[in-house]
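Chemist: I'll drop the sequence and a predicted model, then ask my questions.
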Amino acid sequence: MRRLLLSAALMAMSCGIWTSALVQGATDDKPQAGASQKPDATKPDNFVGSEVCETCHGEIQKKFADNPHSRLALMHGGKGVTCENCHGPGKEHVESGGDATKIFQFSKAEPKVVDEKCLTCHAGAHPNFDRSAHGEAGVGCASCHSVHSFKSEANMLKISQPKLCYTCHTDIKPAFAQPFHHKVDEGLVSCSDCHDPHGTFKQKQLRSSVAGDAVCVKCHTETAGPFVYEHPPVKTEGCTICHFPHGSPNPRLLNRSNVNTLCLQCHSARNETFTAPGTPSFHNMANQYQACTVCHTQIHGSNSSSVFFH
């Protein structure tokens, strides 16, 4: 019995020593107080802070207080957007005495690289920009926008619309000098009211109404419908089958000077291209007679007549 008790006591002592050693080893593996740890990701060692940037770029810093981006710096506990969020870490730039090659310069970078920088924040608002006509043509963000020297408060544009758009779209500018035109040059309508420069899934980067109709019905609500009797070209071909969108020498921006000529493009007994019915035999369409729309007043669609009477 004594031998059994002595053996049990020796085994207990051995287990206690072994457990103590394990605990001591685990304690030794833990980092000691004051030991170096991973630096804060929000303030990496190679970031210098916007206060250091201000010592050389004071003029830019003064203007930046009114910049829309400056408000973002106050977000996330004051860890929002600063100079280095866009231009990259500035430590090497500062230590080299201001070597411009040691920091990201938007003016020297390729448009695709600049776009990637901007879209890190703005991708949610412009998810289709890479596939847009501007994106594919290499017209990048910095081609139209300027963070530090914008002239137009709206969207930080280098110059205001439509002058900015005219710098490339010179073929469109004369249309707004036509006798009948959308009031773009007068400032009542802007290019971006109808077109989304960052891309849409429609041709010409056109916007659309909430219902997916042509952007025209956003203003011309009386043509939106739905109608009991639809005029097929309005839905199938769109407004531009009859109207010039920017400007025209003809009233209502029509693409023909004579309304009857416009209607007879489709409604002609000799025109086999279209399935539209021809003009009845009792109609005399000579120029001295009234226009088609004198009787067919609801030409965009009607709720009462299949021939678009009122």
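Modeler: Great, that's in hand.
Chemist: Quick one: residues contacting residue 173.
Modeler: Counting by Cβ atoms under 8 Å, 6 or more residues apart in numbering, residue 173 makes contact with 162, 166. For glycine as for every other residue, the C-beta is placed from the backbone atoms N, C-alpha and C.
Chemist: Would you mind giving the domain segments of the chain?
Modeler: Domains of the chain are assigned by automatic domain parsing as 50-102, 111-205, 224-302.
Chemist: With mean pLDDT as new columns, can the ones you listed be given to me in a markdown table?
Modeler: Formatted as a markdown table, the domains of the chain follow (pLDDT from 0 to 100):
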| stretch | mean pLDDT |
| --- | --- |
| domain 50-102 | 83 |
| domain 111-205 | 91 |
| domain 224-302 | 83 |
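Chemist: mind checking which of these is nearest residue 218?
Modeler: Closest to residue 218 of the domains of the chain, according to Cβ to Cβ: domain 111-205, at 7.9 Å.
Chemist: What's the end-to-end length of that closest one?
Modeler: One end of domain 111-205 sits 20 Å from the other (Cα to Cα, to the nearest Å).
Chemist: picking up where we left off before, kindly present the domains of the chain as JSON lines, with separate columns for distance to residue 213.
Modeler: Below are the domains of the chain laid out as JSON lines (distance: least, Cβ to Cβ, whole Å):
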{"stretch": "domain 50-102", "distance to residue 213": "32"}
{"stretch": "domain 111-205", "distance to residue 213": "11"}
{"stretch": "domain 224-302", "distance to residue 213": "6"}
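Chemist: Would you map the strands across this protein?
Modeler: Per DSSP state E, the chain carries strands over the ranges 180-181, 229-230, 247-248, 301-302.
Chemist: now for the first one, which elements pack on it?
Modeler: The reference is to strand 180-181. strand 247-248 (3 or more Cβ pairs under 8 Å, 6 or more residues apart in numbering; DSSP states H and E).
Chemist: Tell me which strands the strand it packs on pairs with, and in which orientation.
Modeler: strand 180-181 (antiparallel) (DSSP bridges).
Chemist: Mean neighbour count and distance to residue 294 added to the strands of the chain, as TSV?
Modeler: Putting those into TSV (neighbours: other Cβ atoms under 10 Å; distance: least, Cβ to Cβ, whole Å) gives the following:
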stretch	mean neighbour count	distance to residue 294
strand 180-181	16	20
strand 229-230	16	19
strand 247-248	20	20
strand 301-302	20	15
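Chemist: Adding distance to residue 266, write these out as a markdown table.
Modeler: Converted to a markdown table, these look like this (distance: least, Cβ to Cβ, whole Å):
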| stretch | distance to residue 266 |
| --- | --- |
| strand 180-181 | 23 |
| strand 229-230 | 14 |
| strand 247-248 | 19 |
| strand 301-302 | 16 |
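Chemist: Residue 309 is nearest to which of the domains of the chain?
Modeler: domain 224-302 (6.7 Å).
Chemist: before we move on, back to that, determine which of the domains of the chain approaches residue 308 most closely.
Modeler: Residue 308 lies closest, by Cβ to Cβ, to one member of the domains of the chain: domain 224-302, at 4.5 Å.
Chemist: How far off centre is that closest one?
Modeler: 36 Å (Cα atoms, centre = their mean, to the nearest Å).
Chemist: can you check stretch 176-187 too?
Modeler: With Cα atoms, centre = their mean, you get 25 Å for stretch 176-187.
Chemist: Next: stretch 100-113.
Modeler: On the basis of Cα atoms, centre = their mean, stretch 100-113 sits 22 Å off its chain's mean C-alpha point.
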